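**Student:** This is a predicted model, with the sequence first.
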Amino acid sequence: MIDFYTWITPNGLKISIALEEFGLAYKAHTIDITKGEQFAPDYVKLNPAAKIPAIVDHDTGITLTESGAILIYLAEKTGRFLPSDGLARLRTLEWLMWQTGGLGPTLGYAHQFLTYNAGKAPFAESIFAGDTRRLYETLNARLIGRDYIVDDYSIADMAVWPWVSRFERHKINLDHFPDVKRWYLALAARPQVQRGYEVPFVTTAVPMPR
């Protein structure tokens with residue numbers, strides 16, 4: 001059994017979707033970051049960085065934080081969704097790192113400047129709008145002629161998809177990125193993705209392009 005500490009953010013959704021895809025038994029615990037619950041002393045003992053997500057795997061006794069590290073751990077624990085060796089493994093990790101080091105942080109700032117605080121910082125809005133388009137262009141180019149980001153469905157797809165699901169907050173029209181749209185809709189149709197999207201609770205249905 002895995003205790004999973006999360007909130008309704010893309011970083012949390014990465015892990016809930018992965019747990020559903022891996023078919024692992026877990027219990028979700030809500031950490032409401034809008035109320036500062038990530039700073040509660042008991043939680044900080046689990047995650048000194050005071051962020052979500054975090055897991056405690058009672059099968060192995062391992063406590064782990066950082067969504068990318070958790071995805072790699074779950075893949076290695078189950079032997080699924082991450083090739084064991086070779087170029088395919090390196091490419092999967094490469095695109096996972098692309099998400100954790102570039103896509104996620106940039107789109108997180110895009111949420112703040114383009115949606116939640118629009119009009120307050122025009123220079124920042126311009127910078128992050130441009131960077132957001134560039135990242136969508138990069139992903140679209142990668143997906144041309146591909147069903148998935150690497151060869152097969154992997155933790156790289158699980159990491160990227162929840163961020164793309166916020167395309168409206170990024171002021172992105174997915175029609176301008178047809179291969180991203182095709183990939184996004186294919187993953188959105190997976191029952192595991194749909195179930196993971198509802199953890200720790202239902203907010204809306206999976207966003208669909210108009």
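**Tutor:** Thanks, I have it.

**Student:** Mind checking the pLDDT average for stretch 196-204?
**Tutor:** For stretch 196-204, the mean per-residue pLDDT is 95.

**Student:** next one: stretch 6-19
**Tutor:** Per-residue scores along stretch 6-19 average to 98.

**Student:** Kindly report the same for stretch 85-98.
**Tutor:** On average, stretch 85-98 scores 97.

**Student:** Contacts for that stretch, please.
**Tutor:** For stretch 85-98, contacts defined as Cβ atoms under 8 Å, 6 or more residues apart in numbering pick out 68, 71-72, 82-83, 138, 142, 149-152, 154-156, 159-160. Glycine gets a C-beta too; all of them are placed from N, C-alpha and C.

**Student:** From the residues you listed, list the buried ones, please.
**Tutor:** Buried subset of these (neighbour count, 16 or more other Cβ atoms under 10 Å): 68, 71-72, 82-83, 142, 149-150, 154-156, 159-160.

**Student:** Please identify which pair of those lies farthest apart.
**Tutor:** Spatial extent of the buried ones among the contacts of stretch 85-98 (Cβ to Cβ) is set by the pair Ile72 and Arg142 at 20.0 Å.

**Student:** re the thing from before, out of the buried ones among the contacts of stretch 85-98, which are inside helices?
**Tutor:** 68, 71-72, 142, 155-156, 159-160 (DSSP state H).

**Student:** could you dump those to a markdown table with distance to Arg195 and pLDDT?
**Tutor:** Listed next are these as a markdown table, based on distance: Cβ to Cβ, whole Å; pLDDT from 0 to 100:
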| residue | distance to Arg195 | pLDDT |
| --- | --- | --- |
| Gly68 | 22 | 98 |
| Leu71 | 17 | 98 |
| Ile72 | 22 | 98 |
| Arg142 | 26 | 98 |
| Ile155 | 17 | 98 |
| Ala156 | 20 | 98 |
| Ala159 | 17 | 98 |
| Val160 | 18 | 98 |
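
**Student:** okay if I get the residues you listed as JSON lines plus distance to Arg133?
**Tutor:** Below are these laid out as JSON lines (distance: Cβ to Cβ, whole Å):
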{"residue": "Gly68", "distance to Arg133": "24"}
{"residue": "Leu71", "distance to Arg133": "26"}
{"residue": "Ile72", "distance to Arg133": "29"}
{"residue": "Arg142", "distance to Arg133": "15"}
{"residue": "Ile155", "distance to Arg133": "25"}
{"residue": "Ala156", "distance to Arg133": "21"}
{"residue": "Ala159", "distance to Arg133": "20"}
{"residue": "Val160", "distance to Arg133": "16"}
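
**Student:** His29: which of these is nearest?
**Tutor:** Leu71 (18.7 Å).

**Student:** Show me where this protein has its strands.
**Tutor:** In the chain, the strands defined using DSSP state E lie at 2-6, 26-30, 54-57, 62-65.

**Student:** Thank you kindly, that will do.
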